[in-house]
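>>> Pasting the sequence and the predicted model now:
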Amino acid sequence: MARSKRGTTEINSSSMADIAFLLLIFFLVTTTIANDKGLTLALPPHPDDVEQQDIKIPERNIFKILINSSDRLMVENQEMHDVSRLREMIKEFVLNNGVNPKLSDSPEKAIVSIKTNRGTSYERFIEVYNEVQGAYYDIYAERAGVTNEKWREIASNTSDPDNKRIYEKAREGLPMQISIAEPNKVSN
């Protein structure tokens with residue numbers, strides 16, 4: 001009995017490469033890439049790059065907001081339950097112009113300080129921060145003579161010369177000075 005010699009069969013690898021390439025394209029097209037969202041904040045310079053100075057700021061020019069680990073709010077040494085009142089209080093503080101001796105000397109000197117505890121929830125911090133920022137946006141919108149929503153559009157598109165002019169005029173002499181203080185440790 002004679003054995004027939006068969007040649008070795010080869011697998012066509014070009015079609016497998018095509019299938020792998022198509023699968024790769026399929027997964028790239030159908031997969032969503034998560035966008036990280038966050039707060040747009042101007043961070044202070046690195047401590048090594050700046051000479052440390054002691055700056056004396058009068059107490060009346062600092063609006064203090066404290067948030068403890070239970071997410072309870074203390075505003076100007078008084079407990080506050082309704083966060084929505086915060087916006088009006090900040091507007092009154094910033095726009096005081098030295099009239100009330102317990103509030104800021106001028107809008108340029110007014111600083112809103114937010115201090116948290118390491119146990120403070122992100123949701124509570126964001127809620128308070130939004131109210132603080134919203135107070136400034138309300139002031140800017142009022143000075144520009146537009147609605148709050150229109151102000152946000154103007155602020156997000158300062159490449160337009162008209163928007164830039166309105167933006168700079170509304171913010172003139174009224175910087176948004178929000179200080180986020182170093183958090184305290186969680187206490188038992």
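Structure received. Numbering: from 1, shown residues only.
>>> so what pLDDT did Val186 get?
Predicted confidence (pLDDT) at Val186: the value is 59.
>>> hmm, I was thinking of Gln133
For Gln133, pLDDT reads 92.
>>> Just confirm it is within a helix.
Yes - counting by DSSP: H, G, I helix; E, B strand; the rest coil, Gln133 falls inside a helix.
>>> residues near it, how many?
16 (other Cβ atoms under 10 Å). Yep, even glycine has a C-beta here, placed from its N, CA and C like the rest.
>>> need the contact list for it.
Met176, Ile178 (Cβ atoms under 8 Å, 6 or more residues apart in numbering).
>>> Which SSE is immediately downstream of the host helix or strand of Glu123?
Assigned by DSSP states H and E, Glu123 falls within helix 122-144. Where DSSP H and E defines the elements, the next helix or strand beyond helix 122-144 is helix 148-156.
>>> Run through who's touching that following helix.
With Cβ under 8 Å, 6+ apart, helix 148-156 has contacts from Gly134, Tyr137, Asp138, Tyr140, Ala141, Ala144, Val146, Asn163, Ile166, Tyr167, Ala170.
>>> one more time with 10 Å, if that's ok
134, 136-147, 160, 162-167, 170-171 (Cβ atoms under 10 Å, 6 or more residues apart in numbering).
>>> picking up where we left off before, convert the helix holding Glu123 to CSV, retaining C-alpha atoms only.
Output in CSV follows, covering the C-alpha atoms of helix 122-144 (Å, rounded to 0.1, in the frame of the first residue of the first chain):
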residue,chain,number,x,y,z
TYR,A,122,-18.2,66.5,47.4
GLU,A,123,-21.9,67.1,46.7
ARG,A,124,-22.2,69.5,49.6
PHE,A,125,-19.0,71.3,48.7
ILE,A,126,-20.1,71.7,45.0
GLU,A,127,-23.6,72.9,46.2
VAL,A,128,-22.0,75.6,48.4
TYR,A,129,-19.4,76.5,45.7
ASN,A,130,-22.1,76.9,43.1
GLU,A,131,-24.0,79.3,45.3
VAL,A,132,-20.9,81.4,46.0
GLN,A,133,-20.0,81.5,42.3
GLY,A,134,-23.7,82.2,41.4
ALA,A,135,-23.7,85.2,43.7
TYR,A,136,-20.8,86.7,41.7
TYR,A,137,-22.5,85.8,38.4
ASP,A,138,-25.6,87.5,39.6
ILE,A,139,-23.6,90.7,40.4
TYR,A,140,-21.8,90.6,37.1
ALA,A,141,-25.1,90.0,35.1
GLU,A,142,-26.7,92.9,36.9
ARG,A,143,-23.8,95.2,36.2
ALA,A,144,-23.9,94.1,32.5
